[in-house]
Structure formats: structure tokens, C-alpha cells
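Trainee: What would the 3D arrangement of this be:
(one chain, ligands or ions: 3)
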Amino acid sequence: MLEKIHTPKDLKQLNNDELAQLADEIRCFLIDKVSKTGGHLASNLGVVELTIALHVVFDAPVDKIIWDVGHQTYVHKILTGRKDDFSSLRQLGGLSGYPKIEESPYDAFGTGHSSTSISAALGMARARNIKGENYFVVAVIGDGALTGGMAFEALNDAGRTKTQLMVILNDNEMSISHNVGSLSIYLSKLRTDPAYFKMKADIDKVLNRIPEIGSILSNTLQRFKNSIKSLLVPGMIFENLGFTYFGPIDGHDISALKEVLSSAKMVKSPVLVHVITKKGKGYKNAENDPEYYHGIEPFDIESGECINIKNGKTYSEVFGDTLVELAKKDKNIVAITAAMPYGTGLTRFKKEFPDRFFDVGIAEQHAVTMAGGMAAAGLRPVFAVYSTFLQRGYDQIVHDICLQKLPVIFAIDRAGVVGEDGETHNGIFDLSYLSHIPNLIILSPKDGNELSAMLKYALTLNKPVAIRYPRGNCRYTKDSSSILFDGRAEILQEGRDVTIVAEGRMVEIALKAAEILKSKHLFPEVINARIIKPLDENTIIASVLKTRHLVTMEDNVKIGGMGSSIIQLLSEKFIYNIPTKVIGWPDQFICHGKIEDVFKYYGMNAESIAEQIISFLLERDDYGKSKT
Ligand SMILES: Cc1ncc(C[n+]2csc(CCOP(=O)(O)OP(=O)(O)O)c2C)c(N)n1
Ligand SMILES: CC(=O)[C@@H](O)[C@H](O)COP(=O)(O)O
Ligand SMILES: [Mg+2]
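Mentor: Ligands and ions are numbered 1, 2, ... in the order given. Okay, the predicted model is just below:
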């Protein structure tokens, strides 16, 4: 069946049994492909029937379907002409793991960060109306993404307008981990007792039979009817926001989905279709552990085990373990996550200190300011968050934390290029979006030992501190307690021809590049920056005045990063005529791919950087006369 599907039009010839068979084939295809490439398996297994039904009922790409977060669009990509490219999923130059306008006309809007789909859909619907065009706009949003405040901003705006728009709530009780918050409890009521749904029909019948006596009574009756409905029937929260609610519906029953979507699309005002699905459906391992199979590395289908044996600890694990140790001694330490306990290494903290652990849902803005409130009231909050998602809380960092000098610690995970998640997830802006904020201290460890030491150091300060560290494994020796951080940079190797100041993951690359330079009789002085703000002026300036040449290396865009800060420092200290080369990410969005492939592709690996430094030095006249 799947062989015959090249565009969604091919779906429309199939009957429900054939569509059900197609769903089975797509599941096998997904498990096979993702077991080889890795990716977001559980979410995609959960939306097979929903995606098929959407592409039967609607006519993409004329009709616009916007997928919130977009990690669940593999089925959509399979059905829209990209199934033959699936072996390249998330590889350099291959298919993206998210919808991208430039990848396909069927990808109506790029996503990756959560809770944007309803805003984008409303924007398109309004554009359609203004331009007098005629097509449907559908936003598909998960129950996790619906905990993002931006989604409610859009619901609030959409509901009061009579704009034809469909929101499909894909409710599987899961965010990455179990979904949290009062909305999730509300949804579980709707999910668990379908009697509500039947009750609604009965109540409507009974109440509508009572003859309306006089406008006052009938209005009172209407209010009475609504208050009864709001008690008993599902979706009143959405109805009160101006949406016509349909649901809850079995999200794996293609004929039911087709029927409800077809009638919902006839409504000329905003509608919300509440669909119940099972995350990981069709692959037992994923059904039993949808959190683990939310984002999975390549795995063995039979056992479900990841193929690449994990050796060593990740930065996230070192962070989490250190925080647990510190929290044992300091009762004021609390940990906050925005729906990413597993990814940020807080699973152990959650288990050991359930009363001091807060998962606020996909609500980074709220997390930052709540941390501010906690700090103002005497706690020591640590907000663990991916660099890219912290972008959501920028104004809160400025306005609520740093302006008031509140001692919040930002454990910024996934800082720098992250690899397969690509453009929407690379954490390559945090040094730029944080360095200009007054009162904030910024630290960047070169390995797990330093991360652990820096976390301890940060907790001794009564100030806002950001510690940024990359995705993946780190060098870490258990007895790192001896390693203290004194708030200064460290000279890793003395030299004379050029000062290389590197931060974080770039330090190891700098040392490798230095070895290559030495083979060319060039002797760099390598400095591990460690503290990005305020810079360790004495160490950096002393070295630069000695070597009279400067190279900076950062896993951040060049603009506004550490290199910019160092150049500014030299100018403020009236140190001129120092030839300087800033090495970092260019002014563009960095594509997806394995991290090592991406670094090589952009010339950010040791070999390429060594070449760049050699030509930078030897281009200089004074080097032409060779100093050796
Ligand atoms: C702003 C933001 N914060 C965090 C994330 C990380 N994230 C990706 S998917 C996800 C959970 C989404 O849950 P849901 O919308 O229910 O989708 P499901 O996987 O259940 O289909 C989270 C928290 C994100 N993509 N964007
Ligand atoms: C879809 C999404 O945003 C998350 O699942 C993200 O992909 C997790 O990234 P890590 O794999 O680095 O934890
Ligand atoms: Mg969900």
C-alpha cells in the first residue's frame, strides 16, 4: 500500500480498510527507519492514523497544516513524497526532523520550538480572509505543547474572532515525560470518562425540549444550561474561549477521524477537535516507555536497546549528580525544569527531592520569573534548560532576575551546536543574548569536572549565574571534588606566537589545533576562558601583550559572543594593533547533522582551525620574516 502513495491525493482512493493497512505499513516503515537513524519515534507512532485522516480530509498543500513542535511530522513527510529520503533523516544534507518551508510545499510553517502552531495558523487564516482566498488552516498541537503560554495567547485571540480555523489537540497524556499542570488534569477528566460526551447529548435534548418562557427565563435557562454543561460536558474551557469543541475522539480510528474532521471543517468559526492517541502506539517498547522513546538514538528493534554503547557521563548527568549532592547539604536548593527533566539530568533530583523539584511544563518564561520569586523569598533556585529554549525567557532574565540581582542559577544545557536537531535547536546564541545583560555572571566549563566545580562556585555567590555546557559526553573523574574553580581563566599551555582563548567544547579542539601548529614551529599559548563574563582581564591581557596575536574560539555565533567581548576589552584598555581572529559560528542558522559532520562542514574542527590560524599568522608581514 505504501508503495502506491506518492502524494496525499493517492490516499483519497483508498477505503478505510486499505487506510488501516497503510497505517500498519507506515508503522513498520517508521520503526525500521528510525531504528537506523535515530529520531522522535514515540510521537510519530502516535499520530499515524491522525496524519492519514488529515491528508484524506484536507487538500494539502493548498490547505495548510501546521504541526506544533514538528517532531511528529515523519508520517506527514512519508505521505508527502519524501518516504524515499528517509534514510537521510537528520543527517547532514538530508531530511530535517522537523517541518521546513524550504524542504517541501507541504510544510506550511517551520516549527521546532513548542506552542507556536495556533499563532501561525491564525496568522494564515487572517491572511486568507484579507486576501479573499479560500483554503483551510489546521494547527495540530499536543497536550504538552498546549502547556506553553503562547498557545493560550493564540487561543484567546482566535476564539473571539469568527475566523475559520481548526485546532487539533493531540492528547496522549505525555509531554516528553508525563504531562503536568492543571490543564493536563482537566484533559484527563475529558479523556477518562466518555460518559461526559454522551451526557452532553442527553442534556442538550432535555434542556432544548423545555419551551422558552419569556426572554429572562430563557436567558437564565441558557446560563443554567451553560453552567450545567460546564460541569458535565467536555471541552467547556475551549467553548468558553470561543471554540466549538469536538471530542474526545479515538485518534487511532481512521473512519471516526474522517467523519469528525469532515463535519468540523464545515464550521465557519474556530473549532477544536480533541483527539486521544497513544504515544508509541504499535511498538511495545515505545508504548511501555514513551519518555525513553520520545527521542531515541539508533536502536535494535528486537531488544529496543540503543546500538551505540554509552560510555562515560554526559554533562547533563554530571550536572544532575552534582546538584543532588549539593541539595543534600543545602535545603534551600530547588530545581526547576520546563518539561525536560530527563534531558536536563534532573531525574535523580526529582526522585530524591520531590518537594524541591518543579516541572512547570513548556513554560520557560514562567520558569524564569518563578525562580526569581523563589530567590527573592530566600531559596536557591537552579533552572535547568536548553540554551535554545531559554531564548523564550530572555526578557524575564533581564527584567525579573538581573535587574534585581536575584541569585538564580541557569544551568544552560545543549549550549552550542546540538547536531541532529539542527537549526531550531542549536544553542549557539546564548553567549550573545546573555553577555550584554548587567549583573549576570557567565561560566563555561571545558569538561565535567569544571562543570561540577562551577556549580558549587555559583552557589557560593549571591548573584545571577549562567553556566553553559554542550550536549553529549564529557570528561569527568569521580573525585573531582578536589577541583575548585576560582573564578578565573586557566593557561593550559604556555606559548609565544599567538594567544588562543577558547571556551567550553572548543578548548579540546584548541589543544588539538595547537599540536598541529607546533608541528609548523608555531607555539600558541592556549587559555581556557572558563569565565566569559566578567572576563579574566589580567590573564588574557598579559598573554596578548606577550604574543601580540589573538585567536578566540567559541561554540557560539561570532556576533556578540566571547570574541566580541575580548576585542571590546582590548579596546577599552587601549591595547591596539593586535591582529585578532574570531573563530565561531557564522551569521547563519547552522544545519542539522551529526555533530562531528557539522563541525567539519563549517571548518570548526581542529584540522581546519589549525589551517586557518596558520594562514592568519603567516599572512602577517612580520611572520613572513619567520620568528624561529
Ligand atoms: C519552547 C520549547 N520548550 C521545550 C521543548 C522540548 N520539547 C519538545 S517536544 C516536547 C513535548 C511535547 O509534548 P506534546 O506536545 O504533547 O507532543 P507529543 O510528543 O506528546 O506528541 C518538549 C517539551 C520545545 N520543543 N520547545
Ligand atoms: C523535539 C524536541 O525539542 C526535543 O525532543 C529535543 O529534540 C530533545 O533534544 P535532545 O535529544 O538533545 O534531548
Ligand atoms: Mg503529548
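
Trainee: switch to C-alpha atoms for all contacts and neighbour counts from now on
Mentor: Fine.

Trainee: how about the closest residue to Ile441 other than its chain neighbours, what does it touch?
Mentor: Spatial nearest neighbour of Ile441, chain neighbours left out: Val465 (4.7 Å); criterion: C-alpha to C-alpha, 6 or more residues apart in numbering. For Val465, the contacting residues are Pro407, Val408, Ile409, Phe410, Leu440, Ile441, Ile442, Leu443, Ala458, by C-alpha atoms under 8 Å, 6 or more residues apart in numbering.

Trainee: at 7 Å instead, please
Mentor: Contact partners of Val465, counting by C-alpha atoms under 7 Å, 6 or more residues apart in numbering, are Val408, Ile409, Phe410, Leu440, Ile441, Ile442, Ala458.

Trainee: Mind jotting down where the helices sit in the stretch 451-600 of the chain?
Mentor: Applying DSSP state H, counting those that start in this stretch to the stretch 451-600 of the chain gives helices spanning 506-519, 537-547, 562-572, 595-601.

Trainee: any chance of those in a markdown table, plus distance to Ala376, mean pLDDT and mean neighbour count?
Mentor: Shown next, in a markdown table, are the helices of the stretch 451-600 of the chain (distance: least, C-alpha to C-alpha, whole Å; pLDDT from 0 to 100; neighbours: other C-alpha atoms under 10 Å):
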| stretch | distance to Ala376 | mean pLDDT | mean neighbour count |
| --- | --- | --- | --- |
| helix 506-519 | 36 | 98 | 20 |
| helix 537-547 | 31 | 98 | 17 |
| helix 562-572 | 30 | 98 | 18 |
| helix 595-601 | 39 | 98 | 16 |
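
Trainee: Among these, single out whichever gets nearest to ligand 1.
Mentor: Shortest distance between ligand 1 and the helices of the stretch 451-600 of the chain, using C-alpha to the nearest ligand atom, is found for helix 595-601: 19.1 Å.

Trainee: mind checking how far that closest one is from the chain centre?
Mentor: 20 Å (C-alpha atoms, centre = their mean, to the nearest Å).

Trainee: Could you check it against ligand 2 for contacts?
Mentor: No: shown here: helix 595-601 not in contact with ligand 2 (C-alpha under 6 Å from any ligand atom), separated by at least 11.5 Å.

Trainee: Disregarding flanking residues, what is the spatial nearest neighbour of Thr539?
Mentor: Sequence neighbours aside, Ala489 is the residue nearest to Thr539 in space, at 6.8 Å (criterion: C-alpha to C-alpha, 6+ apart).

Trainee: Do you know the pLDDT at Ser184?
Mentor: We have a pLDDT of 83 for Ser184.

Trainee: burial count for it?
Mentor: Applying other C-alpha atoms under 10 Å, we find 21 other residues in the vicinity of Ser184.

Trainee: ok, now the one 3 residues further on?
Mentor: Leu187 is flanked by 19 other residues according to other C-alpha under 10 Å.

Trainee: Next: Gly181.
Mentor: Neighbour count of Gly181, defined by other C-alpha under 10 Å: 12.

Trainee: Contact partners for it?
Mentor: With C-alpha under 7 Å, 6+ apart, Gly181 has these contacts: Gly361.

Trainee: Now with 8 Å, please.
Mentor: Gly181 is in contact with Thr147, Val360, Gly361, counting by C-alpha under 8 Å, 6+ apart.

Trainee: is it true that Ile559 touches Ser432?
Mentor: Yes: judged on C-alpha atoms under 8 Å, Ile559 makes contact with Ser432 at a distance of 6.9 Å.

Trainee: What residues does the stretch 251-400 of the chain have near ligand 1?
Mentor: For the stretch 251-400 of the chain, the residues in contact with ligand 1 (C-alpha under 6 Å from any ligand atom) are Ala339, Met340, Ile362, Phe389.

Trainee: can you count the residues close to the second one?
Mentor: The number of residues packed near Met340 is 21, by other C-alpha under 10 Å.

Trainee: tell me the contacts of the closest residue to Val324 other than its chain neighbours?
Mentor: Spatially, and ignoring its direct neighbours in sequence, Val324 is nearest to Phe349 (5.6 Å; C-alpha to C-alpha, 6+ apart). Counting by C-alpha under 8 Å, 6+ apart, Phe349 makes contact with Gly320, Asp321, Leu323, Val324, Ala335, Phe357.

Trainee: Tell me what the closest residue in space to the last one that isn't next to it in sequence is bridged to.
Mentor: Spatial nearest neighbour of Phe357, excluding adjacent residues (C-alpha to C-alpha, 6+ apart): Ala335 at 4.9 Å. Beta-bridge partners recorded for Ala335 (DSSP bridges): Phe357, Val382.

Trainee: Ala335 is in contact with Phe383, isn't it?
Mentor: Yes: using C-alpha under 8 Å, Ala335 is in contact with Phe383, at 6.0 Å.

Trainee: Tell me how many other residues surround the residue of the stretch 251-400 of the chain at minimum distance from ligand 3.
Mentor: Closest residue of the stretch 251-400 of the chain to ligand 3, C-alpha to the ion: Lys279 (7.2 Å). Applying other C-alpha under 10 Å, we find 29 residues neighbouring Lys279.

Trainee: ok, it to Glu291 distance?
Mentor: Distance, Lys279 to Glu291, by C-alpha to C-alpha, to the nearest Å: 9 Å.

Trainee: again, but for Ala125
Mentor: According to C-alpha to C-alpha, Ala125 stands 34 Å off from Glu291.

Trainee: How many residues are close by Ser182?
Mentor: Ser182 is flanked by 10 other residues according to other C-alpha under 10 Å.

Trainee: typo on my end, Glu490
Mentor: Neighbours of Glu490 under the rule other C-alpha under 10 Å: 18.

Trainee: so who does it touch?
Mentor: Ile527, Asn528, Ala529, Arg530, Thr539.

Trainee: let's go with 7 Å and repeat that
Mentor: Counting by C-alpha under 7 Å, 6+ apart, Glu490 touches Ile527, Asn528, Ala529.

Trainee: All good on my end, thank you.
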